[in-house]
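In: Below is the sequence, then the predicted model.
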Amino acid sequence: MSLMTGEQYVESLRKLDTQVYIFGKKEVNWVDHPIIRPSINCVAITYDLALDPEHEELMTATSNLTGGKVNRFSHLHQSTDDLIKKVKMQRLLGRKTASCFQRCVGMDAFNAVFSATYDCDKAHGTDYHENFRKFLTYVQENDLTVDGAMTDPKGDRGKAQGKQADPDLFLRIVEKRPDGIIVRGAKAHQTGSINSHWHLIMPTQAIGEEDKQYAVSFACPSDALGLFMVYGRQSCDTRKLEPGADVDLGNKKFGGQEALVVFDNVFIPNECIFLCEEYEFAAVLVERFAGYHRQSYGGCKVGVGDVIIGAAALAADYNGAAKASHVKDKLIEMTHLNETLYSCGIACSCEGYCTEAGNYQIDLLLANVCKQNVTRFPYEIVRLAEDIAGGLMVTMPSELDFKSDLKVPTQSDLTLGEWCNKFFKGTPDVTTENRMRILRFLENICLGASAVGYRTESMHGAGSPQAQRIMIARQGDFAAKKQLAKDIAGIRD
Ligand code: SF4
Ligand code: FE
């Protein structure tokens, strides 16, 4: 099968019997739900751009498994050039959507599971790598979107998997059968899980022998029996339910998506299993997946940053403040921070290396430095954007007020809309509506629904800041650095 169009992708979702809950109810037509649809549009554009000759160089690749042309989101990186193109593709999509476009979690999981299963088979004589190659061939040939799922609910953070009061707080194997396994538990805040065709599950932490039932990796379809999802709400999400809402949404077409994915005794056949109790490979999977996703943020968040910088500059134009030297300086600072993130994403890609399995892995230290910066710089970028935008970003009347024909019974005999447009006019050559649009866009990304993707996800997505600091400590090689100092200072032990 060839690459799908965005529309074909949306139609393919309708054919699944995915169980989705939102606002306390089961939603049958979740594909057209106004709160969910923007996140589906984001994934759809990853399909459309792959068919656009202008972008196919970044958006597609030649599969090492099939020899065919595949969407880069289902590709195994074959070189450092592929790793660089991945980051550039993510920046492009961030620029087009100003949102989390979700499909990267699957791509990062493919690359991590591919090399980890190879290493596990070598150590244990298992067949997981072959299982995974067959699964990924199926994904590539059908141009599927797959949710790469790692994060368990984790319960009491002070206790290991098996010591939790409720054993389901980490996803685990509850039964081993000749034809497969039964799994139980959940994955929390899963990006793009509802609008994925399949899920690729990995453990969330290092696991000891006593908890080996938690060391499990597998694939299952979104509509597997016993699997259901609960949509994660976002700030201001019910604005999307307002009839005719447009300007007040800030970003009408695109948005991110997270959900709780519950596995209530789901059967996984043997051919879909990629790890089953080989507990020492849990940490390997975590380290590799997190490394790839920390690289990813040096692309996607930078693309969104590009749009924020543009919006802040437009807000300054519309406010008549563009010539102020401090405004120019703030835009320079935002650009400096944004390009620093991109530099880290590119650097960890350039320094990538070939794994024994044959795909390319990023440089782990630089990827962790990348993500550590992402936990900080986007916050400073939105602080500066809010500074430039001004308080009107959060005090403006609603779109309905601006559009209202209601006569206000005062001497002037103006409508409510005329009053609002009169007092919120900025520079004479810009309509009040356009000024509103750019301020609402900034509100959306700094404080509204898209703040999930740009702010909090920058903090916690791909691991919270402390997780990167642990990796930086491990990779930083302080012993070698001490020796450098000793050599120059003439210290002999
Ligand atoms: Fe992709 Fe970024 Fe969203 Fe992760 S946070 S899925 S890298 S867009
Ligand atoms: Fe993410």
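Out: Noted; the coordinates are in hand. Ligands and ions are numbered 1, 2, ... in the order given.
In: which parts of this structure sit against ligand 1?
Out: For the chain, the residues in contact with ligand 1 (Cβ under 6 Å from any ligand atom) are 90, 100-102, 104-105, 191, 293, 296-297, 300, 457, 461. Where C-beta positions appear, they are placed from N, C-alpha and C, glycine not excepted.
In: So which of the residues you listed sit within strands?
Out: Counted as lying in strands by DSSP state E, out of the residues of the chain next to ligand 1, are residue 191.
In: now the residues of the chain next to ligand 1 as a markdown table including pLDDT, neighbour count and distance to residue 358?
Out: Output for those, formatted as a markdown table (pLDDT from 0 to 100; neighbours: other Cβ atoms under 10 Å; distance: Cβ to Cβ, whole Å):
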| residue | pLDDT | neighbour count | distance to residue 358 |
| --- | --- | --- | --- |
| 90 | 98 | 28 | 23 |
| 100 | 97 | 28 | 30 |
| 101 | 97 | 32 | 27 |
| 102 | 97 | 31 | 27 |
| 104 | 98 | 27 | 21 |
| 105 | 98 | 29 | 22 |
| 191 | 97 | 28 | 27 |
| 293 | 98 | 25 | 21 |
| 296 | 98 | 26 | 21 |
| 297 | 98 | 27 | 25 |
| 300 | 98 | 32 | 26 |
| 457 | 94 | 22 | 31 |
| 461 | 94 | 26 | 28 |
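In: and which of the residues of the chain next to ligand 1 is nearest residue 219?
Out: Distances from residue 219 to the residues of the chain next to ligand 1, taken as Cβ to Cβ, are shortest for residue 105 (13.4 Å).
In: List the residues that contact the residue nearest to that closest one when sequence neighbours are not counted.
Out: Residue nearest to residue 105 in three dimensions, not counting chain neighbours: residue 148, with 3.8 Å by Cβ to Cβ, 6 or more residues apart in numbering. By Cβ atoms under 8 Å, 6 or more residues apart in numbering, the contact list for residue 148 reads 105, 106, 107, 108, 109, 110, 112, 200, 202, 289.
In: correct me, but the last one touches residue 203?
Out: So that's residue 289. No: using Cβ atoms under 8 Å as the test, residue 289 is too far from residue 203 to be in contact (9.8 Å).
In: Residues in contact with both of these two, list them for me.
Out: What both residue 289 and residue 203 touch, as defined by Cβ under 8 Å, 6+ apart, is the set residue 150.
In: Show me the strands in the stretch 51-200 of the chain, by range?
Out: 60-62, 69-71, 146-149, 172-177, 180-191, 198-201 (DSSP state E, counting those that start in this stretch).
In: So which of the ones you listed is the most surrounded?
Out: Mean neighbour counts were taken over the strands of the stretch 51-200 of the chain using mean count of other Cβ atoms under 10 Å, and the top value, a mean of 28, falls to strand 146-149.
In: Pull out the buried positions in the helix or strand harbouring residue 289.
Out: Using DSSP states H and E, residue 289 sits in helix 280-319. For helix 280-319, a neighbour-count test (16 or more other Cβ atoms under 10 Å) marks 280-282, 284-309, 311-319 as buried.
In: for stretch 240-255, same thing?
Out: Of the residues in stretch 240-255, those buried (16+ other Cβ under 10 Å) are 240, 245, 247, 248, 249, 250, 251, 252, 254, 255.
In: Let's have the residues you listed in JSON lines, adding pLDDT and secondary structure.
Out: Converted to JSON lines, the buried residues of stretch 240-255 look like this (pLDDT from 0 to 100; DSSP: H, G, I helix; E, B strand; the rest coil):
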{"residue": "240", "pLDDT": "97", "secondary structure": "helix"}
{"residue": "245", "pLDDT": "96", "secondary structure": "coil"}
{"residue": "247", "pLDDT": "97", "secondary structure": "helix"}
{"residue": "248", "pLDDT": "97", "secondary structure": "helix"}
{"residue": "249", "pLDDT": "97", "secondary structure": "helix"}
{"residue": "250", "pLDDT": "97", "secondary structure": "coil"}
{"residue": "251", "pLDDT": "97", "secondary structure": "coil"}
{"residue": "252", "pLDDT": "97", "secondary structure": "coil"}
{"residue": "254", "pLDDT": "97", "secondary structure": "coil"}
{"residue": "255", "pLDDT": "97", "secondary structure": "coil"}
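In: Would you format those as JSON lines with distance to residue 83 included?
Out: Below are those laid out as JSON lines (distance: Cβ to Cβ, whole Å):
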{"residue": "240", "distance to residue 83": "36"}
{"residue": "245", "distance to residue 83": "40"}
{"residue": "247", "distance to residue 83": "40"}
{"residue": "248", "distance to residue 83": "40"}
{"residue": "249", "distance to residue 83": "35"}
{"residue": "250", "distance to residue 83": "33"}
{"residue": "251", "distance to residue 83": "29"}
{"residue": "252", "distance to residue 83": "34"}
{"residue": "254", "distance to residue 83": "26"}
{"residue": "255", "distance to residue 83": "28"}
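In: of all these, which comes closest to residue 52?
Out: Looking across those and measuring by Cβ to Cβ, the closest to residue 52 is residue 254, at 16.8 Å.
In: ok, the closest one touching residue 94?
Out: No: when contacts are counted by Cβ under 8 Å, residue 254 is not listed as touching residue 94 (10.4 Å).
In: overlap in contacts of the two?
Out: Joint contacts of residue 254 and residue 94 (Cβ under 8 Å, 6+ apart) are residue 101.
In: re the thing from before, need the per-residue pLDDT for the residue nearest to residue 105.
Out: According to the prediction, residue 148 has pLDDT 97.
In: ok, now residue 493?
Out: 87.
In: cool, and residue 192?
Out: In this prediction residue 192 is given a pLDDT of 97.
In: My read is that it contacts residue 105, right?
Out: Yes: proximity of residue 192 to residue 105 meets the contact threshold set by Cβ under 8 Å, at 6.3 Å.
In: Need the residues touching each of these two.
Out: Joint contacts of residue 192 and residue 105 (Cβ under 8 Å, 6+ apart) are residue 147.
In: what stretches of this protein score poorly on pLDDT?
Out: For the chain, applying pLDDT under 70 flags the ranges 1.
In: okay, now the domains of it?
Out: 6-280, 287-477 (automatic domain parsing).
In: Let's have these in CSV, adding distance to residue 491.
Out: What follows is the domains of the chain, written out as CSV (distance: least, Cβ to Cβ, whole Å):
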stretch, distance to residue 491
domain 6-280, 36
domain 287-477, 18
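In: Can you say which of those domains is nearest to residue 493?
Out: domain 287-477 (18.1 Å).
In: Would you mind measuring the gap between the ends of that closest one?
Out: 17 Å (Cα to Cα, to the nearest Å).
In: How far off centre is that domain?
Out: From the chain centre to the centre of domain 287-477 is a distance of 15 Å (Cα atoms, centre = their mean, to the nearest Å).
In: out of the strands of the stretch 51-200 of the chain, which comes closest to residue 383?
Out: Closest of the strands of the stretch 51-200 of the chain to residue 383 is strand 180-191, at 24.4 Å (criterion: Cβ to Cβ).
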